[in-house]
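1. Here's a sequence, model it:
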Amino acid sequence: MRVYLFILLVAAAVTYLLTPAVRLVARRAGAMTAVRERDVHDTVTPRLGGVAMFVGIVAALLVAGNVPFLEGLFRDSRQPWAVLAAAGVVCLLGAADDKWDLDWVTKLAGQVLAALLLAWQGVSLVTLPIGGVTVLSGRSALILTVLVVVVAMNAVNFVDGLDGLAAGVMAIGGTAFFLYAYTLTRSASTTDYSSLAALLTAVMIGACVGFLPHNLTRARIFMGDSGSMLLGLLLAASTIAVTGQVDPARLSGADMLGQFLPILLPIGVMIVPFLDFGLAVIRRIGSGRSPFHADKAHLHHRLLRLGHSKRGAVIIMYVWTVVISVGLLLPLVLPMRTVLVLWTGSLLLAVLMTLDPMRWRRPHHQKEPADDRL
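-> Coordinates of the predicted model:
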């Protein structure tokens with residue numbers, strides 16, 4: 001565990017220290033987020049934050065490759081380097097979009113290319129995590145892998161609409177997934193606790209933690225598509241690395257739930273992005289538009305219309321991420337009766353916070369701080 005925490009801190013430190021330089025580069029390169037009618041922010045803000053996150057991830061993985069505890073992952077498999085190469089592809093793609101606003105067809109093609117690169121190098125779904133059901137064919141495995149990766153990248157991209165939202169949600173949910181991946185690894189071996197899924201999740205959390213101080217209200221830089229797609233790809237790769245490689249049913253207390261956790265937990269971790277993504281696709285296709293056509297009806301827009309402040313909306317989406325992702329882990333460590341009580345209480349609290357904004361927002365006389373970034 002200490003090794004993973006060290007790698008996490010490396011990613012966090014490099015990301016934190018590099019982000020101001022990337023912010024300056026974004027200003028000089030003109031990679032700025034204009035204020036559009038559908039946007040929540042009210043000032044022109046640099047993006048390209050994902051570039052700093054990517055460099056932090058690269059540094060952390062290079063360090064990990066030279067740590068005896070983890071070097072076997074890099075020596076015996078090409079998968080860590082495949083993930084890093086795919087992450088580089090989506091970061092470059094996102095950086096280009098941050099600068100030139102690429103059309104959705106170009107972005108989708110780049111996302112598929114990155115997913116195919118992962119699958120080609122062995123980061124691919126081989127079995128379904130329900131009793132070890134084998135995927136019927138190599139083509140089915142390839143299609144399913146590409147679908148999972150592309151949906152994850154776009155889901156994080158869709159939810160990245162408020163200061164600190166995407167990075168915070170992914171850090172919180174990623175922590176739950178890291179604990180699950182690490183526990184699975186310990187249950188599968190008594191001597192080797194190295195895990196690609198745990199490593200990828202740790203560096204993702206580190207990048208988010210390092211970026212958040214620059215991105216919280218009021219954000220001095222946005223992660224942009226270079227960051228949101230990067231985070232989605234890393235979580236998808238972590239999920240694929242877990243799925244089918246170990247037997248979740250070996251977890252004490254998991255029982256039937258353990259067999260479904262490799263499917264349920266990634267969904268729980270990304271419940272906010274997935275829900276936003278799904279509703280957006282249904283809404284846009286239902287109105288005869290492209291699913292990538294931007295609008296002002298995302299979950300954070302709805303929370304703002306309910307009366308929440310920007311900061312309050314972010315906190316509520318953090319709460320939902322905690323409730324769902326942590327709630328899915330509770331049956332592994334607590335009796336089911338206790339879990340049901342905790343589930344009921346936490347869900348009621350989350351619903352109350354969501355539907356009663358006036359109780360949770362700051363007093364009216366406390367105004368949002370003025371923006372002095374320009």
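2. low-scoring stretches of the protein, by residue?
-> Scanning the chain for pLDDT under 70 picks out 35-42, 128-137, 188-191, 244-263, 290-298, 300, 357-374.
3. Just to check, F222 is in contact with R47?
-> Yes - counting by CB atoms under 8 Å, a contact exists between F222 and R47, whose distance comes to 4.4 Å. The way it works is simple: take the backbone N, C-alpha and C, and place the C-beta from them, glycine included.
4. Which one's more surrounded, the two?
-> More neighbours surround F222 than the other of F222 and R47, with 30 against 25 (other CB atoms under 10 Å).
5. list the contacts for the more buried one?
-> Taking CB atoms under 8 Å, 6 or more residues apart in numbering as the criterion, F222 is in contact with 33, 45-47, 49, 160, 215.
6. ok, for V89, nearest residue in space, not its chain neighbours?
-> Closest residue to V89 apart from its sequence neighbours, by CB to CB, 6 or more residues apart in numbering: A114 at 4.4 Å.
7. ok, so what distance separates the one you found from T145?
-> 11 Å (CB to CB, to the nearest Å).
8. and what of V339?
-> Distance of V339 to T145, computed by CB to CB: 32 Å.
9. pretty sure the residue nearest to V89 contacts C91?
-> No - no contact is recorded between A114 and C91 when judged using CB under 8 Å, the distance being 9.6 Å.
10. about what we covered before: could you dump the contacts of F222 into TSV with secondary structure and distance to P273 added?
-> Putting those into TSV (DSSP: H, G, I helix; E, B strand; the rest coil; distance: CB to CB, whole Å) gives the following:
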residue	secondary structure	distance to P273
T33	strand	19
T45	strand	21
P46	strand	23
R47	coil	18
G49	helix	17
D160	coil	9
N215	helix	16
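11. re earlier: which neighbours do F222 and R47 share?
-> Counting by CB under 8 Å, 6+ apart, the contacts common to F222 and R47 are T33.
12. Is R27 in contact with P46, as I believe?
-> Yes - counting by CB under 8 Å, R27 sits close enough to P46 to count as a contact (5.3 Å).
13. out of those two, which sits in the busier spot?
-> Set side by side, R27 and P46 show more neighbours around P46, with 24 against 16, by other CB under 10 Å.
14. Thought V123 was touching V146, still the case?
-> No - the pair V146 and V123 does not pass the contact test of CB under 8 Å, sitting 11.3 Å apart.
15. neighbour count winner among these two?
-> A side-by-side neighbour count of V146 and V123, using other CB under 10 Å, places V123 first with 25 against 20.
16. show me what contacts the more buried one?
-> 79, 82-83, 86, 145, 237, 240-241.
17. would a markdown table of the residues you listed with secondary structure and distance to F69 be doable?
-> Converted to a markdown table, these look like this (three-state DSSP; distance: CB to CB, whole Å):
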| residue | secondary structure | distance to F69 |
| --- | --- | --- |
| Q79 | helix | 17 |
| A82 | helix | 21 |
| V83 | helix | 18 |
| A86 | helix | 24 |
| T145 | helix | 28 |
| A237 | helix | 20 |
| I240 | helix | 22 |
| A241 | helix | 17 |
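18. ok, back up a step: tell me which of V339 and T145 has more neighbours.
-> In this view V339 and T145 are compared by other CB under 10 Å, and T145 has more residues nearby, 23 against 19.
19. Distance-wise, check the more buried one relative to L216.
-> The spacing between T145 and L216, counted by CB to CB, is 34 Å.
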